[in-house]
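fold the following and give me the result.
(chains A, B and C)
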Amino acid sequence: MIEVVTIHLPKKSPRNILQPMPGVLTLTTDFGTDDHFVGVMKGVILKIAPSAKLIDITHSVTPFSVTEGAFEIGEAYRWFPKKTVHLVVVDPGVGSARRPIVVEAGGQYFVGPDNGVFSMIYSRNLHSVRHISNKKYFLRNVSQTFHGRDIFAPVAAHLARGVKPSLVGKRVDNYVRGDSGKPVRTGTRCWAGMILKVDRFGNMITNFHVEEFPDVLNRPFVLLAGIRTTDKLIHNFTEASPTEPAVVVGSSGFLEVVVNQGSAAKLLGCANGSPAELSIY
Amino acid sequence: MIEVVTIHLPKKSPRNILQPMPGVLTLTTDFGTDDHFVGVMKGVILKIAPSAKLIDITHSVTPFSVTEGAFEIGEAYRWFPKKTVHLVVVDPGVGSARRPIVVEAGGQYFVGPDNGVFSMIYSRNLHSVRHISNKKYFLRNVSQTFHGRDIFAPVAAHLARGVKPSLVGKRVDNYVRGDSGKPVRTGTRCWAGMILKVDRFGNMITNFHVEEFPDVLNRPFVLLAGIRTTDKLIHNFTEASPTEPAVVVGSSGFLEVVVNQGSAAKLLGCANGSPAELSIY
Amino acid sequence: MIEVVTIHLPKKSPRNILQPMPGVLTLTTDFGTDDHFVGVMKGVILKIAPSAKLIDITHSVTPFSVTEGAFEIGEAYRWFPKKTVHLVVVDPGVGSARRPIVVEAGGQYFVGPDNGVFSMIYSRNLHSVRHISNKKYFLRNVSQTFHGRDIFAPVAAHLARGVKPSLVGKRVDNYVRGDSGKPVRTGTRCWAGMILKVDRFGNMITNFHVEEFPDVLNRPFVLLAGIRTTDKLIHNFTEASPTEPAVVVGSSGFLEVVVNQGSAAKLLGCANGSPAELSIY
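Sure thing, here's the model as predicted:
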């Protein structure tokens, strides 16, 4: 049986009844999850953009480590839908002269401090950077110590609702590029690099990307990290030995030093930022 | 431009297609996130309130620490939209005679045990407290050890769906007020207080609130915490020295003892609950 | 029965306005939350199923511990709505010959590797298992080291959108059953079991389920775990002593060894997987 119902929607607030496709808004911070800080930012966001879809990238960036924050958002952003708003708050200079910025790149938006935390976004994308200055999009009272709550979260929420970046501030060119995080050539066959991140499994993600060093796939190489060298290329973790480090092309294209079901980082005595050296013969 | 769309809906479930604006439901517990407990509560909630927007405040409250739970929800709630339902489960007395309650305050709802975990809500808001007794809103089988799942989560979910608090139980006046968490005057110019929380950065959040101690902004003071005193007021973290503690008015108005890019708590040997003493001259 | 609803929509974006009831999609992994891995999987999911409701069960499964992953999802799934899709990635064999599978059981879907991580789902439900083989539902480029992102997440997202399991691959019977996790009889009155999990509070969840050992409720028993035995049955935590372990029927029906507001596991020297022995007289 079929029945016809006509629903009249109040013109002003169809939003209260019909929901727009929620915009995705990710959060990357060094706030941890033991305090109320992340929850507070989410409350601020939901007051402005009630249907925003909030996704945590990580809140475990080492406190004040802009480099680590740059790596996390650099690895994560491209897997998200167009128009995603990425809120990144690793902000040792909060309350000082460093500017709040919004970056447009790759069809997505990035909101955070102008301290180099978007360096990996810049190095891979055409981008434009704006200095967030329109206080209309801030909370009314801006503290000196929690711009994540008072500036970045509300601006990100407004972007997620559809506010154009051009409304939040003017384009700037003198933004902080930050470290490209790329290896440096030190000899005809040798490059100095680093461990970008030791992941939870103890895999050591280097800054040698397979697209820049394709020769590792078909020529002899030696990768030095910590107290050991390895010249073995494997294709998945199960090919690795539990005690002998090997190199795998990781899921984001960076070479990783791994052992099977164990921590390569412990075995080799490495941590985030440790040096690494690649020679290709 | 407007067009008319005709949609055929199965009569039984118009809800499946048209969504109301999701109600926000926050969770604050001492459950951690290593176990399945929080996930289970969310499953229970989504069965009852499928469109509820679930936001974690924190699950890292020190096990059984009602005081710490009271601080976290006390700091977070006011940043959330009206009608938000806050589920707080720090419940050392689960299964004993302590009552489950729902609190209405500040246009929001709070659901949890009657053990003082809402003390900071009470001290700042007109509020009414109800003893949750209507078993219609519980899960069918109530365990003795997980009321978070069996009572608090389903009641919170029903509130998020629009059930009125008056339906879940009667008002009570003899609820547990808990500790106000306020400093105590110990001399003409001296107050005894405490460290409410050491945050992830090692900043020590005291219970001296700038609204109650406005004189710190323009008169000499000494704040004693752990092994050191400080008489320096700064406005943001970058003004602080890495080795010399200073006082900043924190993002929620409490005085905080901080150092720049380091842990004041480690430097001074303080933890949650450590005593602090403020003298204003 | 069908009814017709007429709604006036802005012409450009009917999809942007009408949302289906979001499907629930849970995540259980050993990825931790310090890296970008979980965030990346969620980005992949939201590109395919923008309205999916993402719920974390836990990401703290001990790395590579299929047994622990099996326990977490086994405890959590039944509290979720019908049609929930459970994504479980504890996958030490990633990139090797182990198959990706989708399991239908209890009106819900489970997606993960065929390594026994669904053993507790199998042992409690009628179920059918399919080998995920239709690459149409994978990401275009499948890495050797992150099938969570490239296979499991997109397949789970397609299921959450309504794709039928029969479309992702054929039924198989030779899947890995895994360990049933059940106690073994070792004497007329004695069973050998284990500690399935030490939870955050230090409660020791054994694999003795009250439905299989109902006699503990009304007959003398002795439970040996670690360095101590206990013969005391209590009904809630507050009945326990802080120093004397006791047994409680936990929230999921398993016997738990607990002390009041303290860690039984520390007191008795037990961890996940420790042996336990039950004698009923």
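
what residue in the stretch 151-281 of chain A comes nearest to chain B?
A:A153 (9.3 Å; Cβ to the nearest Cβ). Backbone N, C-alpha and C define where each C-beta goes, glycine included.

thinking A:L46 is in contact with A:A52, fair?
Yes: between A:L46 and A:A52 there is a contact at 6.7 Å, judged by Cβ atoms under 8 Å.

shared neighbours of those two, anything?
Shared contacts of A:L46 and A:A52, defined by Cβ atoms under 8 Å, 6 or more residues apart in numbering or on different chains, comprise A:A157.

comparing these two, which residue is more hemmed in?
More crowded of A:L46 and A:A52, by other Cβ atoms under 10 Å in any protein chain shown: A:L46, with 24 against 21.

mind checking the SS state of A:V88?
Following DSSP: H, G, I helix; E, B strand; the rest coil, A:V88 is assigned to strand.

let me know the pLDDT of it.
At A:V88, the model reports a pLDDT of 98.

quick one: it from chain C, how far?
Per Cβ to the nearest Cβ, to the nearest Å, A:V88 is found 12 Å from chain C.

now A:S279
Distance, A:S279 to chain C, using Cβ to the nearest Cβ: 24 Å.

pretty sure that residue sits against A:V222.
Yes: counting by Cβ under 8 Å, A:S279 touches A:V222, with 4.8 Å between them.

contacts only, for A:R200.
Residues near A:R200 by Cβ under 8 Å, 6+ apart: C:30-32, C:34-35, C:37, C:63.

could you find the closest non-adjacent residue to it?
Among residues not flanking A:R200 along the chain, C:G32 sits closest, at 3.8 Å (Cβ to Cβ, 6 or more residues apart in numbering or on different chains).

for that neighbour, the count of nearby residues, please.
A count of nearby residues for C:G32, using other Cβ under 10 Å, gives 18.

equivalent analysis for A:K170, please.
10.

what strand or helix carries the residue of the stretch 1-150 of chain A found nearest chain B?
The stretch 1-150 of chain A approaches chain B most closely through A:G95 (2.6 Å), counting by Cβ to the nearest Cβ. Applying DSSP states H and E as the criterion places A:G95 outside every helix and strand.

so it makes contact with B:N236?
Yes: A:G95 is within contact range of B:N236, at 2.6 Å (criterion: Cβ under 8 Å).

so what sits against both of those two?
Contact with both A:G95 and B:N236 is made by residues A:144-145, according to Cβ under 8 Å, 6+ apart.

okay, and for chain A, where does confidence drop off?
A:1-22 (pLDDT under 70).

report the longest strand in it, please.
With DSSP state E setting the assignment, residue counts place strand A:190-198 as the longest strand in chain A.

about what we covered before: and the residue of the stretch 1-150 of chain A closest to chain B, its phi and psi?
phi 90, psi -10 (degrees, to the nearest 10).

measure A:G253 to B:T28 for me?
A:G253 is 40 Å from B:T28, where distance means Cβ to Cβ, to the nearest Å.

so A:V258 touches A:H235, yeah?
No: counting by Cβ under 8 Å, A:V258 sits too far from A:H235 to count as a contact (11.4 Å).

which of these two has more neighbours?
The residue with more neighbours, out of A:V258 and A:H235, is A:V258; 29 against 15, by other Cβ under 10 Å.

partners of that one in the sheet?
Bridge pairing for A:V258 (DSSP bridges) gives the partners A:A246.

if I pick it, what's in contact with it?
Neighbouring residues of A:V258 by Cβ under 8 Å, 6+ apart: A:201-204, A:234, A:237, A:240, A:245-248, A:264.

go with 6 Å
Neighbouring residues of A:V258 by Cβ atoms under 6 Å, 6 or more residues apart in numbering or on different chains: A:203, A:240, A:248, A:264.

find the nearest non-adjacent residue to A:K47, please.
Spatial nearest neighbour of A:K47, chain neighbours left out: B:P81 (5.0 Å); criterion: Cβ to Cβ, 6+ apart.

that neighbour contacts A:I48, correct?
No: using Cβ atoms under 6 Å, B:P81 is not in contact with A:I48, being 9.5 Å away.

of these two, who's got more company?
For B:P81 and A:I48, the more surrounded residue by other Cβ under 10 Å is A:I48, and the numbers stand at 20 against 17.

from A:F208, how far out is the residue of the stretch 151-281 of chain A found nearest chain C?
Distances between the stretch 151-281 of chain A and chain C by Cβ to the nearest Cβ are smallest at A:N236, namely 2.6 Å. According to Cβ to Cβ, A:N236 and A:F208 sit 19 Å apart.

look at those two and report which has more neighbours.
Shown here are A:N236 and A:F208; by other Cβ under 10 Å, A:F208 has more neighbours (26 against 17).

helix or strand next in line after the helix or strand encompassing the more buried one, which one?
In the assignment (DSSP H and E), A:F208 maps to strand A:204-209. Using DSSP H and E, the helix or strand that directly follows strand A:204-209 along the chain is strand A:221-225.

contacts for that following strand next, please.
A:229-231, A:247, A:257, A:268, A:270, A:276-280.

which of the residues you listed fall in helices?
Cross-referencing these against helices under DSSP state H gives A:L268.

just send the contacts of strand A:221-225 back as a markdown table, with distance to B:I195 and neighbour count too.
Output for the contacts of strand A:221-225, formatted as a markdown table (distance: Cβ to Cβ, whole Å; neighbours: other Cβ atoms under 10 Å in any protein chain shown):
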| residue | distance to B:I195 | neighbour count |
| --- | --- | --- |
| A:T229 | 49 | 15 |
| A:T230 | 48 | 21 |
| A:D231 | 53 | 13 |
| A:V247 | 47 | 25 |
| A:V257 | 42 | 30 |
| A:L268 | 40 | 23 |
| A:C270 | 36 | 24 |
| A:A276 | 42 | 23 |
| A:E277 | 46 | 19 |
| A:L278 | 48 | 24 |
| A:S279 | 52 | 17 |
| A:I280 | 55 | 17 |
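
would CSV of the contacts of strand A:221-225 with distance to C:V111 be doable?
CSV is the format used below for these (distance: Cβ to Cβ, whole Å):
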residue, distance to C:V111
A:T229, 39
A:T230, 34
A:D231, 37
A:V247, 30
A:V257, 30
A:L268, 34
A:C270, 34
A:A276, 36
A:E277, 41
A:L278, 37
A:S279, 42
A:I280, 39
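
so what's the residue count around the residue of the stretch 151-281 of chain A closest to chain B?
A:A153: 31 surrounding residues under other Cβ under 10 Å.
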